[in-house]
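Q: Can you look at this prediction? I've put the sequence above it.
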Amino acid sequence: MLALTLTLILSQIPPAPPPAPAELHQRFDKQRPAVLKALAATYACQKPGAKPQPLCDAALSETRGTAADVRGQNAMMGLSWMVKRGKNGKAVVSAPRLSALALNEHGTGVLAAITDITPENAEERKLLEQLVKDYEAFFAGRKANVTLPGYLQSGTSQWSKSANHPLEKKDGAWVFKGAPGTLRKVGEHWVLIGLVPGDAIGVSVFTP
């Protein structure tokens, strides 16, 4: 069965995590604005009449997104990329990966987790490649919905119960406590901006 592999820093920190080192927050705060600006320029996100583009949701999330209310238990699917600013000022974007987001109301707070979904054999690799294409088409408005295999849908639903990273509302976003990452709702999608190893920023776009 498909493996749910935790890869982002946000998911590697256990419950009640100590604050991430100050240098990680400083690197995130320094890299994020330049990377998002480069992303917006690369995809002409502010051009009138621009077609739907998930990376534009990410690029403009800090001005167009909100810390929308979270109710109940939510397991969402979407795509993740690693993005960095190239020497020419344009964004260098990795290939998309299939990811899942858990976002749960818990007592008086909200807990979250994110994971990449990785294949364990050639058959699953082929399935994930098709799902990535399907989500790309969905986010671009070329596909009305994406149908997940039953076992993947039930697996992510079960996994979502393990969400353990507390969030707090701050400056119009859900902020991961103790970790460099923000979550906002842009239109019907949820956008995560987080720090990944190296000089890149991780961006993810999820749909319920």
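A: Received the coordinates, thanks. Numbering: from 1, shown residues only.

Q: which non-adjacent residue is nearest Q53?
A: Closest residue in space to Q53, ignoring its immediate chain neighbours: Y43 at 5.3 Å, by CB to CB, 6 or more residues apart in numbering. Yep, even glycine has a C-beta here, placed from its N, CA and C like the rest.

Q: what residues are up against that neighbour?
A: 50, 53, 55-56, 59, 91 (CB atoms under 8 Å, 6 or more residues apart in numbering).

Q: Apply 7 Å and report the result again.
A: By CB atoms under 7 Å, 6 or more residues apart in numbering, the contact set of Y43 is 53, 55-56, 59.

Q: same deal with H189?
A: 57, 205-207.

Q: filter the residues you listed to the buried ones?
A: For the contacts of H189, a burial check counting by 16 or more other CB atoms under 10 Å picks out 57, 205-207.

Q: Next step: those restricted to strands.
A: 205-207 (DSSP state E).

Q: Dump those to a markdown table, plus pLDDT.
A: Below are those laid out as a markdown table (pLDDT from 0 to 100):
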| residue | pLDDT |
| --- | --- |
| V205 | 97 |
| F206 | 97 |
| T207 | 95 |
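
Q: And the strands in this protein?
A: 3-5, 73-85, 91-93, 97-106, 109-118, 165-170, 173-176, 181-186, 189-195, 201-207.

Q: so where is the chain shaky, pLDDT-wise?
A: Scanning the chain for pLDDT under 70 picks out 1-20.

Q: ok, back up a step: with distance to V83 as added columns, please give the buried ones among the contacts of H189 in TSV.
A: Putting these into TSV (distance: CB to CB, whole Å) gives the following:
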residue	distance to V83
D57	13
V205	12
F206	16
T207	19
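
Q: Could you find the residue nearest the spatial middle of this structure?
A: S204 (2.4 Å; CA atoms, centre = their mean).

Q: got the contact list for that residue?
A: By CB under 7 Å, 6+ apart, the residues touching S204 are 78-80, 99, 114, 192.

Q: Let's have these in TSV, adding neighbour count and distance to P166.
A: Shown next, in TSV, are those (neighbours: other CB atoms under 10 Å; distance: CB to CB, whole Å):
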residue	neighbour count	distance to P166
G78	25	22
L79	22	25
S80	26	21
S99	24	20
I114	28	14
L192	26	15
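
Q: farthest pair in those residues?
A: L79 and I114 (11.8 Å; CB to CB).

Q: Who does G202 form a beta bridge with?
A: For G202, the beta-bridge assignment (DSSP bridges) gives partners M82, G194.

Q: hang on, the earlier thing: with the contacts of S204 in mind, which one is nearest to H25?
A: Closest to H25 out of the contacts of S204 is L192 (16.3 Å), distances taken as CB to CB.

Q: any idea how far the closest one lies from K90?
A: In this view, L192 and K90 are 22 Å apart by CB to CB, to the nearest Å.

Q: So what touches the helix of greatest length in the chain?
A: Looking across the chain with DSSP state H, the single longest helix is helix 22-42. Residues external to helix 22-42 that are found in contact with it (CB under 7 Å, 6+ apart): 46, 55-56, 58-60, 62, 83-85, 89-91, 180, 193, 195, 199, 201.

Q: All good on my end, thank you.
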